[in-house]
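K.L.:
curious how this folds, go ahead:
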Amino acid sequence: MNRIPSLDGLRCISCLLVVFGHSRLEPYNLNLGNLGVRIFFVISAYLIIGILYKDIKKKQFSIRKFYFKRIMRTFPAYYTYLFITGLFLSFINYFEWNQFWRSIFYLENYHPRGLWTEKQWFVGHSWSLAVEEQFYIISALIFSLFNKKILNKKTLNIIFLSTIIIVPFIKLAYIFGKDFFPKILLQSTGRSFETVADALAVGGIIYLNENKIRSLKIFQFFAKYIYICLVSIIIIEIFRSELIPLELKFEFKIIYYFIGQTLINIIIGTIILTTIKYQPNESFFARVLNNRFSIKIGMMSYSIYLWQQIWLYNWNIHMIVKYLGIILTASISYYFIEKPFLKFRDKLLQRTVY
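P.N.:
Model prediction:
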């Protein structure tokens, strides 16, 4: 009853994009897995900024309560995955601490590519979860200043807008400034917080300015012809695909990092603001996002995202078996870890005064 219509459907799409990408089935290396993660980022920021802003308005903001809720939401399923995966890899003599330890401390997004080995795969996906946790910490600290009336809505908008503008320049600086920056930053581009924060900032912008954005004619046009948004994303993703001739790859990479990813984030934000107003049977896209399958996959997307990684390693087993394994382990995680801990959290919150 408290869920926003269509968001679970969008989570479903983003989750399936990750699974599809990690299955190595995407044509021309379109990097659909990364696109799925970007959808997650914009949705997450839209919801988190909404939660914090509403708490401020209701004079119910508590940084301790916010952190507690986030910890209970993310830690149990995540550390269960790390624990079981670590045990399994140790059992088959495939565990490598140097490839594993960053994930424990939510630092996988600062794992330089030069230090990767094949064994990094099993926790490689935790880079996006690290970005999320870092976002929770930073956003709550920002809103604590808002709560103390040091910041206001206008200042928040400036922070988010500045982030959207600055991040592409940071990525370009890492590309062209190889002699000035440490390898940990250069080899983490596209995963480090400062190079993906623009997606989170878009989520914050669209929440704080939802009514203003909806009144814009350009938004109304793309909302009406949403298929243009979907096609535009694919066209932009082609800039980083194998369809680009080798001699032009560097130039297209620059365009993609400097303009392309920003446009993708904005288009994702447009899709979110459009689809959350859909009635379940309003259109074909609305039916896709609001059918039972999409909603269920969206609700389980966190556990699916966690467990798809170990199954989609290049084990010599049939892809159908891998998909069944993902469904089985994600269902166990969702029903026996995620849901019970959320119930326990809500009971504690009812008893506790922050």
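
K.L.:
ok, the closest residue to residue 133 other than its chain neighbours - contacts?
P.N.:
Among residues not flanking residue 133 along the chain, residue 106 sits closest, at 4.4 Å (Cβ to Cβ, 6 or more residues apart in numbering). Any C-beta I mention is one placed from the backbone N, CA and C, and that applies to glycine too. When contacts are counted by Cβ atoms under 8 Å, 6 or more residues apart in numbering, residue 106 is found next to 126, 129-130, 133-134.

K.L.:
check residue 106 and give its pLDDT.
P.N.:
If you check residue 106, the pLDDT there is 98.

K.L.:
do the same with the one 4 residues further on
P.N.:
Per-residue pLDDT puts residue 110 at 98.

K.L.:
tally of neighbours for it?
P.N.:
Neighbour count for residue 110, taken as other Cβ atoms under 10 Å: 17.

K.L.:
with adjacent residues omitted, what lies nearest to it?
P.N.:
Once flanking residues are discounted, residue 110 sits nearest to residue 188: 5.2 Å by Cβ to Cβ, 6+ apart.

K.L.:
the one you found touches residue 111, doesn't it?
P.N.:
Yes. Counting by Cβ atoms under 8 Å, residue 188 sits close enough to residue 111 to count as a contact (6.8 Å).

K.L.:
those two: which is more packed in?
P.N.:
The neighbour comparison of residue 188 against residue 111 (other Cβ under 10 Å) goes to residue 111, with 25 against 21.

K.L.:
for the more buried one, give me its contacts.
P.N.:
For residue 111, the contact set (Cβ under 8 Å, 6+ apart) comprises 102, 120, 124, 127, 188, 191.

K.L.:
wait, residue 285 sits on residue 275?
P.N.:
Yes. The pair residue 285 and residue 275 qualifies as a contact (Cβ under 8 Å) at a distance of 7.1 Å.

K.L.:
these two: which is more packed in?
P.N.:
Neighbours were tallied for residue 285 and for residue 275 using other Cβ under 10 Å; the higher tally belongs to residue 275 (23 against 17).

K.L.:
residue 242: what secondary structure?
P.N.:
Here residue 242 is coil, with the state taken from DSSP: H, G, I helix; E, B strand; the rest coil.

K.L.:
that one against residue 249, yeah?
P.N.:
No. Counting by Cβ under 8 Å, residue 242 stays clear of residue 249, with 9.2 Å between them.

K.L.:
out of the contacts of residue 106, who's the most crowded?
P.N.:
Highest neighbour count within these: residue 126, with 26 neighbours (other Cβ under 10 Å).

K.L.:
wait, what's in contact with that residue?
P.N.:
So residue 126 contacts 78, 102-103, 106, 108 (Cβ under 8 Å, 6+ apart).

K.L.:
give me the below-cutoff pLDDT ranges for the stretch 251-354 of the chain.
P.N.:
Applying pLDDT under 70 to the stretch 251-354 of the chain flags residues 353-354.

K.L.:
all the helices of it, residue numbers only.
P.N.:
261-275, 284-290, 292-299, 301-311, 319-333, 339-351 (DSSP state H, counting those that start in this stretch).

K.L.:
who are the neighbours in contact with residue 8?
P.N.:
Residue 8 makes contacts with 289, 294-295, 297-299, 301, as judged by Cβ under 8 Å, 6+ apart.

K.L.:
and it, how far from residue 65?
P.N.:
Distance of residue 8 to residue 65, computed by Cβ to Cβ, to the nearest Å: 25 Å.

K.L.:
if any of the contacts of residue 8 are buried, put those into a PyMOL selection.
P.N.:
The PyMOL command for the buried members of the contacts of residue 8 (criterion: 16 or more other Cβ atoms under 10 Å) is given here:
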select buried, resi 289+294+295+297+298+299+301
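
K.L.:
surely residue 143 touches residue 57?
P.N.:
No. The pair residue 143 / residue 57 is not scored as a contact, 11.2 Å apart, by Cβ under 8 Å.

K.L.:
just the CA coordinates for stretch 84-98, please, in PDB.
P.N.:
Taking Å, rounded to 0.1, in the frame of the first residue of the first chain, the C-alpha atoms of stretch 84-98 are listed here in PDB:
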ATOM      1  CA  ILE A  84      28.000 -17.600   2.300                       C
ATOM      2  CA  THR A  85      30.000 -16.700  -0.800                       C
ATOM      3  CA  GLY A  86      33.200 -16.500   1.200                       C
ATOM      4  CA  LEU A  87      32.600 -19.900   2.700                       C
ATOM      5  CA  PHE A  88      31.800 -21.400  -0.700                       C
ATOM      6  CA  LEU A  89      34.900 -19.900  -2.400                       C
ATOM      7  CA  SER A  90      37.100 -21.100   0.500                       C
ATOM      8  CA  PHE A  91      35.600 -24.600   0.200                       C
ATOM      9  CA  ILE A  92      36.500 -24.800  -3.500                       C
ATOM     10  CA  ASN A  93      39.900 -23.200  -2.800                       C
ATOM     11  CA  TYR A  94      39.000 -20.100  -4.800                       C
ATOM     12  CA  PHE A  95      38.800 -17.400  -2.100                       C
ATOM     13  CA  GLU A  96      41.200 -14.500  -2.500                       C
ATOM     14  CA  TRP A  97      41.300 -11.900   0.400                       C
ATOM     15  CA  ASN A  98      42.800  -9.200  -1.800                       C
END
